[in-house]
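Chemist: Below are the sequence and a predicted model; questions follow.
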Amino acid sequence: MASNFPKLPGFVPTHDCTRVDHKKISHVKLDKVMNPKNADVPLYALPRKPAADLPKAKDIKSMSFSQAKFQNPMGGEITEQFEPTFVKLDKQVLRFTAYFQESVVESALENYRVRKVIIYYYLEDKSISMIEPKQMNSGTMQGAFLKRQMVLKEGEAASPFEFQDFLVGETVRIFGRAYKIIDADAYTREFYSNIGIQQPVPLPLPADNFEKSLAKPKPVKDTAMIDFLEHSLGGGRVASQKQFLDNDRKVLKLYAWSEGLPYLIHYFLADDTIEVREVHLANDGRDAFPCLLKRQKIPKNFKGLSQPGLNPTIENYFTEECFTPGEPFVAYSKYFDIASVDSFTGRFLAERYGRHFPIKDLEVPKPADQVPVQIPPYNGFGDENDSLGYVYRLLPKPPKGDFFKYVDNEGKILRYTAKMNTQVPEDMERRFIIAFYLADDTLSVYEPPVRNSGIAGGKFLERRKYKSVNGLGKFVTPGDFELGGQVIINSFSFQILSMDEFTKNYLKDHMTDQLISTSFIHC
């Protein structure tokens with residue numbers, strides 16, 4: 001045991017000052033002298049004795065002289081191997097399950113937490129160790145809670161804990177904490193039964209708020225949702241396998257009206273499901289939703305939607321025998337007046353139920369006559385093709401050009417020299433160069449600057465497409481340019497005077513005699 005006196009010469013309370021004989025003594029005797037209050041560990045009646053590890057018996061020929069001549073001095077044979085008490089009690093441990101309550105502050109979830117520990121009592125030296133089982137997301141350091149050591153009881157006696165102090169249902173105070181013992185393992189119960197002490201029945205471990213928050217609620221099996229998901233993925237089972245095999249791909253087709261709008265009702269004989277589809281006409285002004293009601297079973301007496309999480313119990317669903325001439329079909333409080341059916345549906349209902357429906361297609365009103373599009377006059381801003389995009393489409397797209405024409409005629413320009421047809425003296429001597437671009441049928445007009453003319457030269461008309469006044473709204477083409485002829489571009493009248501060599505050669509190879517006279521080309 002521990003002593004309050006320092007380990008210095010002259011301060012050992014067990015030292016005998018009158019002793020003059022200082023012979024060596026054994027370590028067992030020395031422990032008793034140093035710790036006179038340390039009682040010997042008795043040899044308990046263990047429930048499970050360790051297996052005897054005796055050497056194999058030797059043959060007489062292999063025995064030594066002493067072994068063959070001298071026998072056991074105590075008489076009899078050796079049946080048990082000698083072991084000291086600390087060896088026999090080695091690894092003999094009593095195991096208890098206990099808990100203690102720990103206060104929790106500044107938490108809205110809990111005021112205290114129940115912490116479970118495993119107490120190990122070692123019979124060899126009366127030492128104790130504790131381990132706290134690890135728990136996910138507990139927020140505490142768990143594992144080794146108390147290292148193996150001899151623990152003294154609280155009080156003046158200051159004696160170590162004995163195995164009699166650990167009983168199920170009792171409270172043990174160790175280092176200021178109160179541990180409630182609730183269970184012991186099978187070996188511990190055998191040990192106590194062997195010495196005449198019966199351990200009580202196990203006690204339940206109380207649950208705290210943190211433990212309750214970790215408990216997952218038991219899932220409720222929703223058969224309706226499982227059946228819906230299986231059918232959505234292409235699986236599932238039908239109520240009647242024979243009905244499915246006999247009526248697979250057999251569908252009743254009924255034409256109906258509701259609130260002045262046409263609908264198409266499909267009844268699937270394979271599984272008694274119904275689908276309601278919308279019938280759309282051109283420019284009917286409605287959104288193009290294909291289905292008003294997806295394929296499903298429709299209850300006869302619909303009483304409203306159930307609360308979330310509740311599984312409504314519906315027994316009566318619509319079947320093919322519910323379709324009667326003159327009576328409306330009601331699906332979720334919406335009425336459909338059946339006007340006619342197709343030929344297969346008419347024969348099926350007449351042969352099986354004796355009900356006759358008109359057999360003809362759905363009569364839909366003829367679409368209104370299409371109003372011709374009135375193209376407004378060109379206002380002169382931007383390209384006319386861009387402006388026409390807003391006439392034909394609500395969201396216009398950029399106009400597409402002729403790609404191959406652009407690639408073949410890239411860089412090919414027809415150039416003409418022209419003068420202005422006017423009676424204004426200042427404009428009669430002005431000269432212009434008209435460039436026609438074959439890649440995109442655009443043209444531009446350039447006026448060469450003349451010194452001291454009083455008119456600034458440069459770009460006269462920017463490059464873009466221009467309409468011919470005499471061409472009934474058509475754009476200007478190379479055929480409109482004739483030597484000596486007149487062409488009107490953007491309200492300006494020009495007379496063609498000459499052309500360059502490239503333009504002459506190009507017109508010889510590509511233009512016909514109707515468009516241009518060869519006499520003008522060779523002039």
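Modeler: Good, I have the coordinates.

Chemist: quick one: the helices in this protein?
Modeler: 27-34, 65-69, 85-88, 186-194, 209-214, 223-232, 241-247, 343-353, 384-392, 403-408, 425-428, 501-510, 518-521 (DSSP state H).

Chemist: out of these, nearest to residue 307?
Modeler: helix 223-232 (13.7 Å; C-beta to C-beta). (Glycine included, C-beta is placed from N, CA and C.)

Chemist: re the thing from before, as TSV, the helices of the chain with distance to residue 447 would be great.
Modeler: Shown next, in TSV, are those (distance: least, C-beta to C-beta, whole Å):
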stretch	distance to residue 447
helix 27-34	128
helix 65-69	140
helix 85-88	124
helix 186-194	116
helix 209-214	90
helix 223-232	75
helix 241-247	86
helix 343-353	79
helix 384-392	25
helix 403-408	28
helix 425-428	11
helix 501-510	19
helix 518-521	24
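
Chemist: nearest to residue 175, of those helices?
Modeler: That would be helix 186-194 among the helices of the chain, by C-beta to C-beta, at 22.2 Å.

Chemist: Now that closest one: buried residues?
Modeler: For helix 186-194, burial by neighbour count (16 or more other C-beta atoms under 10 Å) applies to 188, 189, 191, 192.

Chemist: Show me where the stretch 101-250 of the chain dips below the pLDDT cut-off.
Modeler: 156-157, 236-239 (pLDDT under 70).

Chemist: for residue 216, phi and psi?
Modeler: Note on residue 216: its backbone torsions stand at phi -80, psi 140 [degrees, to the nearest 10].

Chemist: From the chain's centroid, how far away is stretch 130-144?
Modeler: 33 Å (C-alpha atoms, centre = their mean, to the nearest Å).

Chemist: Run through who's touching that stretch.
Modeler: 115, 116, 117, 118, 119, 120, 129, 145, 146, 174, 210, 214 (C-beta atoms under 8 Å, 6 or more residues apart in numbering).

Chemist: what's the closest of the helices of the chain to residue 110?
Modeler: The nearest among these, by C-beta to C-beta, is helix 209-214 at 4.0 Å.

Chemist: mind listing what's buried in the closest one?
Modeler: Neighbour-count burial for helix 209-214 flags 210, 211 (criterion: 16+ other C-beta under 10 Å).

Chemist: Output that helix as CSV - backbone C-alpha positions only.
Modeler: Only the C-alpha atoms of helix 209-214 are listed here, as CSV (Å, rounded to 0.1, in the frame of the first residue of the first chain):
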residue,chain,number,x,y,z
ASN,A,209,-32.5,11.5,-25.2
PHE,A,210,-29.3,11.1,-27.2
GLU,A,211,-29.9,7.4,-27.6
LYS,A,212,-33.5,8.0,-28.6
SER,A,213,-32.4,10.5,-31.2
LEU,A,214,-30.1,7.9,-32.8
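
Chemist: rewinding a little: using neighbour counts, trim the contacts of stretch 130-144 to the buried set.
Modeler: 115, 117, 119, 129, 145, 146, 174, 210.

Chemist: So what's the residue count around residue 396?
Modeler: Burial of residue 396 is recorded as 14 neighbouring residues (other C-beta atoms under 10 Å).

Chemist: separation between it and residue 282?
Modeler: Remark: distance between residue 396 and residue 282 (C-beta to C-beta, to the nearest Å) = 22 Å.

Chemist: now swap in residue 115 and tell me
Modeler: 76 Å.

Chemist: Okay, residue 306 and residue 220: tell me how far apart.
Modeler: Residue 306 is 14 Å from residue 220, by C-beta to C-beta.

Chemist: just residue 510 next, same as before
Modeler: From residue 510 over to residue 220 the distance is 84 Å, taken as C-beta to C-beta.

Chemist: The two: which is more packed in?
Modeler: Neighbours were counted for residue 510 and for residue 220 using other C-beta under 10 Å; residue 510 has more, 10 against 7.

Chemist: The residue nearest to residue 129 when sequence neighbours are not counted: how many residues sit nearby?
Modeler: Excluding the flanking residues, the one nearest residue 129 by C-beta to C-beta, 6 or more residues apart in numbering is residue 148, at 3.9 Å. Residues near residue 148, counting by other C-beta under 10 Å, number 13.

Chemist: give me every residue that touches residue 148.
Modeler: Here residue 148 is in contact with 120, 122, 127, 128, 129 (C-beta under 8 Å, 6+ apart).

Chemist: Quickly note the distance from the nearest residue in space to the fourth one that is not next to it in sequence to residue 509.
Modeler: In this case it means residue 128. Spatial nearest neighbour of residue 128, chain neighbours left out: residue 151 (4.9 Å); criterion: C-beta to C-beta, 6+ apart. Separation of residue 151 from residue 509 (C-beta to C-beta): 117 Å.

Chemist: The two: which is more packed in?
Modeler: Between residue 151 and residue 509, counted using other C-beta under 10 Å, residue 151 has the larger neighbour count: 19 against 7.

Chemist: How many residues are close by the closest residue to residue 454 other than its chain neighbours?
Modeler: With C-beta to C-beta, 6+ apart as the criterion, residue 454 has its nearest non-adjacent residue at 7.4 Å, and that residue is residue 426. Counted with other C-beta under 10 Å, the neighbours of residue 426 add up to 10.

Chemist: same question, residue 375
Modeler: 11.

Chemist: quick one: contacts for it?
Modeler: 388, 391.

Chemist: could you redo the last one with a cut-off of 7 Å?
Modeler: By C-beta atoms under 7 Å, 6 or more residues apart in numbering, residue 375 lies in contact with residue 391.
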